[in-house]
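J.: Build me a structure from this.
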Amino acid sequence: MVFLLKTSCYFAFDGQALLDLIHRFGIRWDLLGLQSINFIAMAMMLYAFAFRPVMRLMEERKKKIAAGLAQAEEAKDRLLEAEKLRQQMLKGAHNEAQQIVASARGRVQAYALEQQRIARVRADGLMEEAREVIAREKEQAFAEVRREMSEIIADLAERVLEGHMSVSEREQYVQLSKACLERKATQ
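T.: Numbers count the residues shown, from 1 in each chain. All right, here's what the predicted structure looks like:
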């Protein structure tokens with residue numbers, strides 16, 4: 001680096017050395033000027049027809065990428081919102097299902113209680129009917145026992161009055177009377 005500095009300072013102060021150097025390398029000013037103009041024209045054409053369109057394409061590409069990233073971010077946000085909405089809907093559906101089940105249980109319990117009440121009323125009615133039937137049968141049995149007793153007593157009285165009854169027949173009538181009375185007592 002120091003060598004280049006020393007060399008450029010040397011040529012800057014010594015004009016003859018610079019001309020010798022130019023002559024030694026074969027530099028021609030007319031060709032150098034034309035090549036410079038040619039280089040500048042080529043650089044301008046490349047800038048106009050290659051560099052600017054490429055830069056424009058790169059800018060458009062950057063914008064598209066940025067737009068794509070923004071859309072992806074927006075889609076991600078919408079997806080999160082949709083997931084939250086889905087969770088809320090699931091929670092709402094779960095709550096609604098629990099309410100429906102609770103309501104159904106309440107209705108089932110009410111129906112069961114109503115059926116129990118109806119069954120009790122029917123059972124009470126059947127019990128009352130059974131009591132009435134038993135009472136009627138008991139009354140019929142008593143009436144039958146009374147009728148039999150009346151017949152036995154009448155027969156006994158007739159035989160006693162006629163004097164045809166033996167001791168064994170008396171005991172038989174007494175036992176028959178006791179059996180009728182016991183039967184009446186158990187009913």
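
J.: if I look at Arg105, how far off is Gln115?
T.: Between Arg105 and Gln115 the distance, using C-beta to C-beta, to the nearest Å, works out to 15 Å. All C-beta spots, glycine's among them, are computed from the backbone N, C-alpha and C.

J.: Helices along this protein, start to end?
T.: 2-13, 15-25, 29-46, 52-162, 167-186 (DSSP state H).

J.: now these in a markdown table, with mean pLDDT and mean neighbour count?
T.: Conversion of the helices of the chain to a markdown table gives the following (pLDDT from 0 to 100; neighbours: other C-beta atoms under 10 Å):
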| stretch | mean pLDDT | mean neighbour count |
| --- | --- | --- |
| helix 2-13 | 54 | 10 |
| helix 15-25 | 75 | 11 |
| helix 29-46 | 90 | 10 |
| helix 52-162 | 88 | 11 |
| helix 167-186 | 72 | 12 |
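
J.: Report the separation between the residue nearest the centre of the chain and Val101.
T.: For the chain, His94 is the residue whose C-alpha lies nearest the centre (C-alpha atoms, centre = their mean; 4.3 Å). In this structure, His94 and Val101 are 11 Å apart, going by C-beta to C-beta.

J.: and if you look at Glu169?
T.: Spatial separation of Glu169 from Val101 under the definition C-beta to C-beta is 82 Å.

J.: Could you do Ser166 as well?
T.: Distance of Ser166 to Val101, given as C-beta to C-beta: 86 Å.

J.: Ok, Met44 next?
T.: For Met44, the distance to Val101 (C-beta to C-beta) stands at 83 Å.

J.: Equivalent analysis for Glu81, please.
T.: Glu81 is 30 Å from Val101, by C-beta to C-beta.

J.: likewise Ala130?
T.: When Ala130 is compared with Val101 (using C-beta to C-beta), they lie 42 Å apart.
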